[in-house]
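[1] What follows is a predicted structure for the sequence shown.
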Amino acid sequence: MAKQTVLKVSEGRTEETIKGFLKSLLEKGVVEAILIPKRLPSGDGFAQTLIHDPEKMDGACALSLTMPVQSAKVASHLSIKNLNKKVAAVLKACEIRAIVELAKFLQVKLDNLFLIGVDCPGTFEVSDYSKMIQEGREGEKLTGEILKGMERGEAVPPQGYVFRPACEMCEYPVPKADIHIKLFGYKTDEEVGLEIGEKLEKELEEKGILSFSGNEPSSRKEIVDRVVAERAKKRDAAFQEFSGGVKDLQSFLDRFSTCIRCHNCMVACPICYCKECVFRTAIFEHEGDQFLRWADRKGGIRMPTDTLIFHLIRMSHMVTSCIGCGLCDSACPSRLPVATLFRSVGDKIQKMFKYVPGRDVNEVPPVATFKEDELKIESGAL
C-alpha cells in the first residue's frame, strides 16, 4: 500500500524543493543515478540527462515543459543489458505507460529501475518553447505560472501558444509510479504531494529522507477528474473531426498525401522497438523496371510508393499498445495527424479487447494472446 506525505516548499521555490528531494536520493545512496530533464545551457530547452554526481543536479527540472525524446526508449537502452545498479527516472505519465508496455515485451527491465512520475499539465513543441524563451520569457517563471494553474486544474499556455495536440487530449495526466510527485490541487508555492510505493517507502523513512504525514487536498480528486473530463472532450472532438474526413482508403491517401515516408514517426515511437523491421529491408526497395511497369499499368504512380502500406502495417503492429504520447506528430516534417490516426483507431481496438496500454505491467497485451471469440464485437462496443 503506497504511503502519502508532502514536501514543504521554502520561499515559493517549488522546483528547488523537488530537486532537493531528488538530490537526497543520490546523496543517501537510494539510487546510483537519476535520469532527469536538465535545462540546456542556452535555457531554451531540455535534454534528458543521466546524473550520478549530486552536485550536477543544477538545472535539473522534474516539470520540464517539452518532451524532445520519448524517455521510454532511453529507459530501454539503459536497463535492457546488465543494469546492476539502482537508477531512478523522472518521467511524464505517457513515458511511464510506454515503459510498462515495453516491459511486457521484454524491452525494459524494471528490477533496478525506479520510476518517478510527475503530474503533467502538458508539454510544448520544442520549437515553441525555444521561441517563448527567445521572446524574453524566463523559463522558471513560466514553469511557476503553469504550476499555479495546476493548483486549480487550469494550466493555461501563454497567449499565442498551445500545448501539443496529444497533450490536450491526454486523459492520463496522473502517473502510476514508485514515487509520484503530485501537483494538481496543491498550493505548490507552499507544498507538493508525494506518494511512495512499497519498493521505496521503508528505505526512504529509515534513511531520514521522508516522514509520512499529511494528506492530499480534499479538492484534488475533483480537480483531476475535471482535467481528465476536459481532455476527454477534446479527444472525442478530435476523433470525430478525423473520422469525418477519413472515411475510406482514398480519403486516407488524400489526408496523408504529403507524407514523404521519412520514417521519423516510426523512429520517434516508443512502441516501435523491433530490431529487424520490414521497412529497413530491401523488400520496399523496388527495381526501376518495377516502377515503370506500375506506371504503365496505371498511367502514372505516386513517388515515393508504399506510403499507405507503411502507415497501415505500422498501425497493425502496435496500435493496441499506442499510449498516445504524440511524438510521432512532433517528428513529422509535414505535420500530419499521425497521432490522431493511431489514437482514434487504437481507441476502438483497445476497447474491443478491453485493454488499456500502460495500465498494469501484469496485464497481457492482445498481441500476445489468442481467444477464439476475441473478435466478436459486443453491441455498442464501437
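    Looks like it arrived, so ask away. Source: prediction; values computed, not measured.

[2] Every contact and neighbour count from this point should use C-alpha atoms.
    OK.

[3] got the CA coordinates for the helix or strand where residue 145 lies in PDB?
    In the assignment (DSSP states H and E), residue 145 maps to helix 139-152. Extracted in PDB, the C-alpha atoms of helix 139-152 (Å, rounded to 0.1, in the frame of the first residue of the first chain):
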ATOM      1  CA  GLY A 139      11.900  29.500 -18.000                       C
ATOM      2  CA  GLU A 140      11.500  29.200 -14.300                       C
ATOM      3  CA  LYS A 141       8.800  31.900 -14.200                       C
ATOM      4  CA  LEU A 142       6.900  30.100 -17.000                       C
ATOM      5  CA  THR A 143       7.000  26.900 -15.100                       C
ATOM      6  CA  GLY A 144       5.800  28.700 -12.000                       C
ATOM      7  CA  GLU A 145       2.800  30.100 -13.900                       C
ATOM      8  CA  ILE A 146       1.900  26.600 -15.100                       C
ATOM      9  CA  LEU A 147       2.200  25.300 -11.600                       C
ATOM     10  CA  LYS A 148      -0.100  28.000 -10.300                       C
ATOM     11  CA  GLY A 149      -2.700  27.000 -12.800                       C
ATOM     12  CA  MET A 150      -2.300  23.300 -11.900                       C
ATOM     13  CA  GLU A 151      -3.500  24.200  -8.400                       C
ATOM     14  CA  ARG A 152      -6.900  25.000  -9.900                       C
END
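
[4] any idea how far the helix or strand just after that helix is from the chain center?
    Using DSSP H and E, the next helix or strand after helix 139-152 towards the C-terminus is helix 165-168. Averaging C-alpha positions (CA atoms, centre = their mean, to the nearest Å) puts helix 165-168 10 Å from its chain's average.

[5] How about helix 165-168, which residues are buried there?
    Counting neighbours by 16 or more other CA atoms under 10 Å, one finds that the buried residues in helix 165-168 are 165-168.

[6] how far does stretch 254-269 stretch from start to finish?
    End-to-end span of stretch 254-269 (CA to CA, to the nearest Å): 23 Å.

[7] residues making contact with that stretch?
    69-70, 246, 272, 304, 307, 310, 314, 327-329, 331-332, 334, 336, 338 (CA atoms under 8 Å, 6 or more residues apart in numbering).

[8] all helices of the stretch 151-300 of the chain, in order?
    For the stretch 151-300 of the chain, the helices defined by DSSP state H, counting those that start in this stretch cover 165-168, 201-206, 220-245, 249-255, 264-268, 288-298.

[9] Other residues contacting the second one?
    The reference is to helix 201-206. 2-3, 30, 210-212.

[10] Give me the buried entries from the residues you listed.
    Here, 16+ other CA under 10 Å leaves 3, 30, 210-211 buried among those.
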